[in-house]
Each structure stands twice: as structure tokens, then as C-alpha cells.
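Engineer: fold the stuff below for me.
(2 chains, ligands or ions: 2)
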Amino acid sequence: MDTVALMIPGDKAKVVKLSGKVNLRKKLLDMGIVSGAVIEMIRHAPLGDPIQIKIKGYHLSLRKTEASHILIKSLR
Amino acid sequence: MKKKRLLDARSRVELTLSAIEGGKGRMRKLTDMGLIPGEKIRKLESSQSGPVILLVKGAKIAIGRGMADKIIVEEKIIKKTITIALVGNPNSGKTSIFNNLTGTRQHVGNYPGVTVEKKEGLARYGDYTIRVIDLPGTYSLTAYSLDEVVARNFILEAKPDLIVDVVDSTNLERNLYFATQLMELEVPLVFAFNMSDIAKAAGQHINEEAFSRLVGIKITQTVGIKNKGTTQLLKSIVETYQQKEQAKKISINYGKEIEDELSKLLNCLKAREPLIKQYPLRWFAIKLLEDDKDIIDFVKTEAGTEEILKQSALSRGHIMSIFADDPETIIADRRYGFINGMLHEVVTHTAESHLKASDMIDRVVVNRIAGIPIFLGVMWLMFKCIFILSEKPMEWIERAQAAMGAFVSGFLPEGSFIQGLIVDGIIGGVGSVLVFVPIIFMLFFCMSILEDSGYMARIAFIVDKFMHKIGLHGRSFIPMLLGFGCNVPAIMATRVIESKKDRLTTILINPFMSCGAKLPIYTLLIGVFFSKHASGNVLFSLYLLGFVTAVIMAKMLRKFIFTGESAPFVMELPPYRLPTLRGLFTHMWERGWLYIKKAGTVILLGCILIWTLSALPIHAQGDLSKSYIARIGKFIEPVIKPLGFDWKIGTALIAGVVAKEIVVGTLGVLYGAGEDKNEHSLNLRNALREDKYPDGRKVFSPLIAYALMVFVLLYIPCLSAAAVIRKESGSWGWMFFSISYSTLLAWIAAFIVYQGGRLLGF
Ligand SMILES: Nc1nc2c(ncn2[C@@H]2O[C@H](COP(=O)(O)OP(=O)(O)OP(=O)(O)O)[C@@H](O)[C@H]2O)c(=O)[nH]1
Ligand SMILES: [Mg+2]
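Structural biologist: Ligands and ions are numbered 1, 2, ... in the order given. A predicted model of the protein is given here:
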């Protein structure tokens, strides 16, 4: 399945599931990344990592390794 | 409790009958009416004449005024002091509201996690005194980082009378997620919907009344920066407090499957109620289901709780098997579902999406190609500005100090000990510190611009990859940057870093970030030994060296001491905001004032001590090389000789352990005291330039000056920084480690500079 780490700027997708360690998952949930939420990929940081996404109307940055634990379904 | 006669007691408040004066007859008559000592009664009327009407055991009775005068009652004093806590997501405006409520100025900044420790202030409303506590922002009550733990523990353990949840209205969904968790804590709650100015401008309309009815919680719209809605908020606070018994309890329905498991857990918990009576039961059950580490640990430490643990494992397993996902995910889903349902009913948007401007700025500022040049440019510009803009004010202060010295000299016996102490010791010492106030104020000013505008978070975003490479975290960069101002707040700012290893590493490398107090030393030495157009570059090279050392040390610490992977980097990027001039000046003043206070106390004492040591013993008067301080300096001279330093420098370095600013003050005193007392030679700059060894060799050269600056840059954190390191790392061990390894490093680096420079022929 696709993950947020693979999105390119401008892509939109729906969150399907979170994987990874408990701590990371809980943190992501707190930040509003729950199944069904829509994520818009905004950009990569100048050095390529981390990435900036838009979720629930605000901007969030996270590293690609973390983003790869957010499984998504593309909305195109 | 206050004892009073019933006749004089206040009406409509609860009174406890305490004694009846007079004979047995009267006693019997009253007891027959139910007026027995210990009984709780209420006075209904308080007219000037006629009988007194009482409410006893639900029945009204009337007694004569004479009788009422013989009855002694205790009046219960109503508690008029409320403790409230301001909580909410980071950057939602809690500190701004705190300032509005209490009138004090705390630091606000447009960067998540500026408040890292709880702060207290007082507010007044009617008869009430309200103790307001400003807590660090947190995204949830599952505590990850230290500042979140501070907030959670305060709510759970200190049990404030009421909680004010400061909600960022422009980001209702995520902010209310935190609110749902507060609601489960069953503490009286009030909402402040802050940033309502931005929300309105973006075309968002909230039907407060409907919202308030849905959740059973009072809502006030506020604008933190404009002090709007403050009185209304206070009113809601007091009203909610007064009717707390009637507060409607709202709980989220998590759906049949989860509710079933919750009630099983509740049954288990009820059997052990006394154990967890400090927590609301339902909240506790939810936390068990969510597998909250702290709560599980808490249960494990208690005896006879196997049943509870067994049930929660069972329930978790059951939910997992139904949903093929863990309970915490399902619970979070349901909470967001609840919020969405509510928002759907009460929030309308008249315009589409907001924050367009912020997106545009981001497009340029964190652009793939331009992002890094812009970042470096901003840093460079900042240092350039600081240097140029503070030049003139520094001259003024220097002149004022010289005038002051000359003026005071006139009143004191020429050449006496007391004249030396006051003019050279006190005025000279403190003056040479105050001279650098402008530069430090400028530094704090620039820092505040970065923070308040929202660029600080972008810096973390831009540098994270690099920071990650050296084993740190994008968030470590901000404490490092703050370290350029002062290591004390910088080390405290590491609390936003979630993992302990990342935190300790960041703390230990922080003193290498050249703090504002080291700036006076650089400016002095650069001004004397380097040409004007080289000065900027020399200064920049020092800051760079400090940074590089920090990077190398971080890498080493991560490799050899704090091994293991670093924490996740999940950070909010707040929208850009135009910093307010008032805000900037307040921050600059607050932080700068701390510096002045330091100069006024520790540094003043340091300067006096140093001057006295240099003037004593009396019989050595005039010959500085025989003074006490010279003996200390000379004692360590062999150790610093290979670095090109003489005993005066050694002495100044020792004095600088108290605070780095003292290095300059000490040099001032040492050279001031050693010179003839005519106008120009008093000038420290000339004194440094002209100072010679007995054999005629000059003490200073540009190379030695540079080695000295390198040494000062790296050696021993100042007393206050060391104290904070101890406090924040929680151990003396790390403090001593920090002190010794940095001093060793300083010696090695200065050695390389001096000896290497000599080999190269400088
Ligand atoms: N436009 C607008 N800006 C606000 C309002 N309230 C606060 N701000 C700004 O929002 C930023 C954050 O404010 P703070 O008061 O520091 O927020 P905080 O909740 O204390 O933040 P942390 O302590 O970091 O959790 C600052 O730049 C404030 O000037 C408001 O009502 N409207
Ligand atoms: Mg704050």
C-alpha cells in the first residue's frame, strides 16, 4: 500500500491505517492523523527530508521514516 | 470559621449553631425547636426589627431578637480564592491570555513550546481572587515530552479548581481533541476560543451558544493579543466555579464494543475504588484500554491489581480482534468523530480556506532551492545587524562611564584605596559590563523576531536532516540558537525535546553556543587587535567554531554515551504572524533585564572582589604583581603559558567562571589599576595594546587574542549555566562532566590555535 513518504507535492490522500511503534502511532493520532483524515502533501524540506503536509487545516512536518508508517489511499 | 451572635450573622449563608447563652429554660425551649449545638441553620431575613426567621431542618421558624442575641453561631467563610490552570495546544495563546488575566508579562512566542515551566499570577473578579497557572502546551494527555508531563501532572495531581482550555479557533479539530480528553477528567472546564480575530477574518462563524449547550461548557471568544474577551472569560470562570455541582457531565460514546469493555473494566475498578480515587473512574478505564504507560505502571506498583491488569489485557485483545486495529486508534477515531459531528452543527464557513498568505511565504522561505540560502542569509544578517546597530549606543555608554568616573573621583581623596575601589573597581567594572547591554538587547530583539514570526519552526524544519545526521533533532537547533543569547533559557528550552538522550546531548553541547555574555570579550579584543573590516569575519568565525565544536561533540556523545535511535520528529509548523512591536520590545526587555540584573549583582560583587584582591595586601600597594590576585594568576600561569596567556589573562579567566562578563570587567580592573591615572591611558583598549612583559615583548598579539577568544568560547559554563545543567539533567554528575570536558576542550583548542598559528608565522 502507498504511504505518505511516497506522496509528491500536490498529492492528496486519505489515511487508511497507521503502523509502527506505539509511541509514534500515539503521537500521530494526537496530531490528528486518524483513518479517514485527508492529507495533502505540501513539500519536501530543502534537504529532502523532513516533509511538510497539511492535515485538518494546519501544517505538520515529519520525517520520511515516520511518514512511511502512515498508510494511505490516493485521492486522484 | 468565624464565631458570631446569630443576630449579627449574615443571612442566607450556612451557619453552625455553636452555643446558647443563658439558663436551662432557654436552652430547653430552643432545643425543642431543633436548635441543638452542631445543627446547621440558615438565617432568612435580616430586617432591622421584628423576629428573626430561621431555616432549621427544612422548616421555617421565627425567634425573637433578644433570643437571637444569645445564640452563638459559626459562620462558614466561603472560599473566595480559586486556582485555575490554563491548558491547551502549544501556541494557542495561553501565555497571552495569562498576561491579559494577570497583567504580568511572560514570554510569548510563535513557536510551539515556548512556555516550558508552569508560571503563576493573580487575577481578580468581584470578590474572587483567582490564582492563574500558565502551563506548557500539550497536544494530548498522553505525555511524551517533559513539558507535556508538567501539564498532565499538574492537572491530575495538583487538582486545580477549574481548567481553562485555550483553544486555537483556527484549528478547532485538533484543539478540541485535547478538549475531549479534558472533559473526561471531570474537572470544571471553561473554553477560551482564542485567535477569534483570525478565525473571523477567515470567514469562520461559530455558534457559541449552540456549542455551549451541546457540550455543557461555557465558551468565551477571545483575542489574546488585543486583550479582548478577558472580562467575559473571568465571568465564565467564576460562574462555572459557583455552579460546579450542577455541571452537566458529557461523555463521548465510543460505540457499543468499546463501551462494553469499558463497563467491564469499570466493574473491576469499582472493586478497587480507594486505590484510584484520585482519578475519575471512566477516564482511568479509558487510559487502561489505551494502554497508557504511566497508568499501567501506576497499577502495577499496587498490590492486588492483577484482576485489573488481566481485564484490560483481555479487553484490549477483544477489541483488537473485532476491529483489527488497536483500541487507542479506535478511541482516537471516535473522538475525532464526535468533534466532527459537533463542528458540523455549530461552525459555518463563509469563505473557503484561509492562511493563504502564510502558504505563500512558505513557498519562498522553505523553497527547495532558496530555502537554505535564505536561512543562512537570515542568520548572517542577524549578526551583522546586531553588530552595526549597537555600535553607537556602546560609544555613548562608554563616554557616560568615563564622565561618571571623573566626576566621582573629584569627591574622593586622590590616590586613596577608597577612590580606587569606587572609580576603578565599581564604576570601571560595572561600566565595562554595561557597555555591552546594547549588543545583548539587539540579540534578544532579533531572536524574538524569529520566534514571534513563526520562522523559528521553519528553521527546525530546514535543519532537521542535518541535525538528524549528527544524531540530534530539528528541535535541538532552537535551544542551540537560543544559546547564542543565554545558555540558561536555552538549556531550559530543551524540555520540548521528547527523548531523554536527545535532550541530554543538546544540554551538554549548549555551552559551546557562544552566549551573549561572551560577546563583550570578543568585541573588546576584536576592536583592539583586528581591523574594522575584518571584525565581522572574526566574530563570525568564532560563532562558527562554537557551532562546529557542538556538532562534533554531539556526534561523539551520541556515538559513545547516548547510543540508540533518536525520537520521532513530528512538529507543527504554525502560520506566520507579523510580530507586534510591543511584543518584541517586551521580550527584548525581559531577557535583557535579566542580564542587567546579573551585571548589577553577581558581576558587581565579582568586580569588587577582584579589585580588592588586586589592591591587597596593602603593603604591596602600587605593585600589582605582588597582589593576591597576581599570586593566583601566577600560580596557574604554567598551565596556560603554552596557550600564550600571561597571569593577568589567567586571573581574568578564573574570575570569568562566575560569569563570562566578568572577564572583561577583570581585565578592566587589572589594567586600570596598573596604569598612571591620566585621561587616555585609562582606556582599557590602549592598555591591552601596549601591555608588555618585563623583557619588552608585548603581552598581546592578534594571535594570542584569538586563542584567548577561542578559550573563552569553549571553557567551563558559567555558574548559572552549570546550575541549570544540574537541575535539568537531574544529576551533579552531568554538571561536573560538562565543566571538565569543556575546559579540557578549550585548552586543547587554544593550544592548537596558538602553537599552530606560531608555526604558520602569525
Ligand atoms: N492574531 C492573534 N494572535 C494571537 C492571539 N493570541 C495569541 N496570539 C499570538 O500567538 C502566538 C502564540 O501565543 P502564546 O501566548 O505564546 O501561546 P502559548 O499557548 O502560550 O504557547 P506555548 O507556551 O508555546 O504552548 C504569539 O505570537 C501571540 O502573539 C490572538 O487572539 N490573535
Ligand atoms: Mg505559553
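Engineer: can you give me the buried ones in stretch B:524-532?
Structural biologist: Residues of stretch B:524-532 classed as buried: B:524-526, B:528-530 (neighbour count, 16 or more other Cβ atoms under 10 Å in any protein chain shown). No exception for glycine: its C-beta is placed from N, CA and C like everyone else's.
Engineer: pull the longest helix from chain A.
Structural biologist: With residue count as the measure and DSSP state H as the assignment, chain A has helix A:22-30 as its longest helix.
Engineer: check whether it comes near chain B.
Structural biologist: Yes: among the residues of helix A:22-30, A:22-30 lie within reach of chain B under Cβ under 8 Å from any Cβ of the partner chain.
Engineer: circling back to that earlier point, and the buried residues of stretch B:524-532, which is closest to ligand 1?
Structural biologist: When the buried residues of stretch B:524-532 are ranked by distance to ligand 1 (Cβ to the nearest ligand atom), B:Ile526 comes first, at 35.0 Å.
Engineer: so the closest one belongs to a helix, correct?
Structural biologist: Yes: inclusion of B:Ile526 in a helix is indicated when DSSP: H, G, I helix; E, B strand; the rest coil is applied.
Engineer: about what we covered before: what's the following helix or strand after the longest helix of chain A?
Structural biologist: Along the chain past helix A:22-30, the next helix or strand (assigned with DSSP states H and E) turns out to be strand A:38-44.
Engineer: residues making contact with the following helix or strand past that following strand?
Structural biologist: The first helix or strand that comes after strand A:38-44 along the chain, using DSSP H and E, is strand A:51-55. Outside strand A:51-55, the residues within contact range by Cβ atoms under 8 Å, 6 or more residues apart in numbering or on different chains are A:4-5, A:7, A:31-33, A:37-45, A:59-64, A:67, B:362, B:366, B:461, B:573.
Engineer: taking these, please make a PyMOL selection of just the buried ones.
Structural biologist: Below is the selection syntax for PyMOL that covers the buried ones among those, with 16+ other Cβ under 10 Å defining burial:
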select buried, (chain A and resi 4+5+7+31+32+33+37+39+40+41+42+43+44+45+59+60+61+62+63+64+67) or (chain B and resi 362+366+461+573)
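Engineer: re the thing from before, now the buried residues of stretch B:524-532 as CSV including distance to B:Ile84 and pLDDT?
Structural biologist: Putting those into CSV (distance: Cβ to Cβ, whole Å; pLDDT from 0 to 100) gives the following:
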residue, distance to B:Ile84, pLDDT
B:Leu524, 49, 85
B:Leu525, 52, 87
B:Ile526, 51, 89
B:Val528, 55, 84
B:Phe529, 57, 87
B:Phe530, 56, 87
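Engineer: report how many residues lie close to the closest residue to ligand 1 within chain A.
Structural biologist: Closest residue of chain A to ligand 1, Cβ to the nearest ligand atom: A:Tyr58 (13.5 Å). Applying the criterion other Cβ atoms under 10 Å in any protein chain shown, we find 21 residues in the vicinity of A:Tyr58.
Engineer: and for B:Lys641?
Structural biologist: 12.
Engineer: cool, B:Lys270 as well?
Structural biologist: Counted with other Cβ under 10 Å, residues neighbouring B:Lys270 total 11.
Engineer: and the next element down the chain from the strand or helix carrying it?
Structural biologist: Under the criterion DSSP H and E, the helix or strand holding B:Lys270 is helix B:256-271. Beyond helix B:256-271 in the direction of the C-terminus, DSSP H and E gives the next helix or strand as helix B:281-289.
Engineer: sec struct for the residue in the stretch 201-350 of chain B that chain A sits nearest to, please.
Structural biologist: Taking Cβ to the nearest Cβ as the measure, the point where the stretch 201-350 of chain B comes nearest chain A is B:Ala332, at 4.0 Å. Going by three-state DSSP, the secondary structure assigned to B:Ala332 is helix.
Engineer: check B:Arg174 too.
Structural biologist: Secondary structure for B:Arg174, judged by three-state DSSP, is helix.
Engineer: returning to what we had before: show me which pair in the buried residues of stretch B:524-532 is furthest apart.
Structural biologist: B:Leu524 and B:Phe530 (11.2 Å; Cβ to Cβ).
Engineer: where does the stretch 351-500 of chain B dip in pLDDT?
Structural biologist: Filtered on pLDDT under 70, the stretch 351-500 of chain B yields the residue ranges B:351-355, B:429, B:432-433, B:436, B:489, B:493, B:496.
Engineer: ligand 1 contacts on that one?
Structural biologist: If contacts are counted using Cβ under 6 Å from any ligand atom, the residues of the stretch 351-500 of chain B sitting beside ligand 1 are B:Asp452.
Engineer: near ligand 2, which residues of the stretch 351-500 of chain B? Just list them.
Structural biologist: Contact residues (Cβ under 5 Å from the ion) of the stretch 351-500 of chain B with ligand 2: there are none.
Engineer: hey, where'd the helices end up in the stretch 451-600 of chain B?
Structural biologist: Under the criterion DSSP state H, counting those that start in this stretch, helices of the stretch 451-600 of chain B are mapped to B:455-469, B:477-483, B:487-492, B:500-509, B:519-529, B:532-556, B:581-598.
Engineer: from the contact counts, what lies against the shortest one?
Structural biologist: Which is helix B:487-492. For helix B:487-492, the packing partners by 3 or more Cβ pairs under 8 Å, 6 or more residues apart in numbering or on different chains; DSSP states H and E come out as helix B:477-483, helix B:719-729.
Engineer: how about the helices of the stretch 451-600 of chain B in CSV, adding distance to B:Asp297?
Structural biologist: Below are these laid out as CSV (distance: least, Cβ to Cβ, whole Å):
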stretch, distance to B:Asp297
helix B:455-469, 30
helix B:477-483, 29
helix B:487-492, 27
helix B:500-509, 16
helix B:519-529, 46
helix B:532-556, 31
helix B:581-598, 38
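Engineer: looking at the ones you listed, which is nearest to B:Ala721?
Structural biologist: helix B:487-492 (4.2 Å).
Engineer: show me the shaky parts of chain A.
Structural biologist: For chain A, no stretch is flagged by pLDDT under 70.
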